[in-house]
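Enquirer: whatever this is, show me its structure:
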Amino acid sequence: MRHKYTRLSAIITIISLCIVSNYSFAASITVSAAASLTNAFNDIAKAYQQQYPQDKVLLNFGASGSLLQQMQNGAPVDVFASADQQTMDQAQVKNLVQAQDRVNFVNNTLVLITPKKGGLTIRGLTDLQHSGIKHIALGNPAYTPAGRYAQAAMEQAHLWNKVQPKIVNVNNVRQALDYVANQSAEAGFVFGTDAAIMPDKVSVAITIPTRKPVSYPIARTVASKEPTAANRFIHFIQSAKGQQILKHYGFQSAH
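Expert: Okay, the predicted model is just below:
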């Protein structure tokens, strides 16, 4: 009888250790990502959690600059993905991320869009001076990479001061997309991947060359309480499966 109890006790101990072991690897990570990554990262998070069911991914989207401010103010973030290098550079200067932990994982393009129905024909940035264009939706350059890229392009074309009265500053690229899709603005600046999710409502008038590639960096944060899971998520994004999802949404390889 004693042997039966001993054996049962041993089995219970093993099961308990297995349960403890499984939960010891469990992690919940918060990923703050640029608004233009919304659709792709929602799919990536699902695929990641299927592969690593012990982990839970909480997603937080917004303008890259706004996400940076949130981290500065103490918001708990494990992984930060920005739509430009400048914002990640600021995060590094403020010791929110470290240089060795950041990597470029995808590229994008800057485009000018118009409403699909009834939109004016725009062949170049100078056409933004047309009297029929009264509102230009633009992510606030102080916080949004797309807004900064667009402002730089218009300054290079000596148009910024001329069209500034038409500019409608919005919080992020997805709001700029919505403004044009709802015909609240006759034109707007977004990333190519944003325009691709509403092909029935917006048209890409022109793809705008940028001085530097529209390159997206990602990094584990210094304050992360789940560094192992954070690194695991970043590696998944760089994997063939993660890159395939990004490609599906129109992003380009960073390599």
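Enquirer: distance check, residue 74 against residue 96.
Expert: From residue 74 across to residue 96, the span is 11 Å (CB to CB, to the nearest Å). C-betas here are computed from N, CA, C, even on glycine.
Enquirer: name the helix or strand for residue 155, please.
Expert: Under the assignment given by DSSP states H and E, the secondary-structure element containing residue 155 is helix 145-156.
Enquirer: for that helix, the distance to its chain's centre please.
Expert: For helix 145-156, the distance between its averaged C-alpha position and the chain's averaged C-alpha position is 18 Å (CA atoms, centre = their mean, to the nearest Å).
Enquirer: list the contacts of the next helix or strand after that helix.
Expert: Towards the C-terminus, the helix or strand next in line after helix 145-156, according to DSSP H and E, is helix 160-163. Helix 160-163 is touched from outside by 128, 129, 136, 151, 154, with contacts defined as CB atoms under 8 Å, 6 or more residues apart in numbering.
Enquirer: now swap in stretch 30-42 and tell me
Expert: 45, 57-64, 67, 70-71, 75-83, 108, 145-146, 172-174, 190-191, 193-194, 197, 216, 233, 245-246, 248-249, 251.
Enquirer: swap the cut-off to 7 Å and go again
Expert: When contacts are taken as CB atoms under 7 Å, 6 or more residues apart in numbering, the neighbours of stretch 30-42 outside the stretch itself are 57-64, 67, 70-71, 76-83, 108, 172-174, 191, 193-194, 197, 233, 245-246, 249, 251.
Enquirer: now residue 102, nearest residue through space, not along the chain?
Expert: Leaving aside its sequence neighbours, residue 102 sits nearest to residue 219 (CB to CB, 6 or more residues apart in numbering; 3.8 Å).
Enquirer: let's verify the one you found: helix, strand, or coil?
Expert: Assigned with DSSP: H, G, I helix; E, B strand; the rest coil, residue 219 falls in the strand class.
Enquirer: over to residue 77?
Expert: Following three-state DSSP, the label given to residue 77 is coil.
Enquirer: which one's more surrounded, residue 74 and residue 96?
Expert: Summary of the neighbour comparison: residue 74 and residue 96, criterion other CB atoms under 10 Å, with residue 96 having more neighbours (18 against 8).
Enquirer: residue 47 versus the more buried one, what's the distance?
Expert: For residue 96, the distance to residue 47 (CB to CB) stands at 27 Å.
Enquirer: tell me the contacts of residue 246?
Expert: 40, 106.
Enquirer: just checking, the residue nearest to residue 102 touches residue 78?
Expert: No: because the distance of 10.2 Å does not satisfy CB atoms under 7 Å, residue 219 is recorded as not touching residue 78.
Enquirer: before we move on, back to that, list the buried ones in the helix holding residue 155?
Expert: Judged by neighbour count using 16 or more other CB atoms under 10 Å, the buried positions of helix 145-156 are 145, 146, 147, 148, 149, 150, 151, 152, 153, 154.
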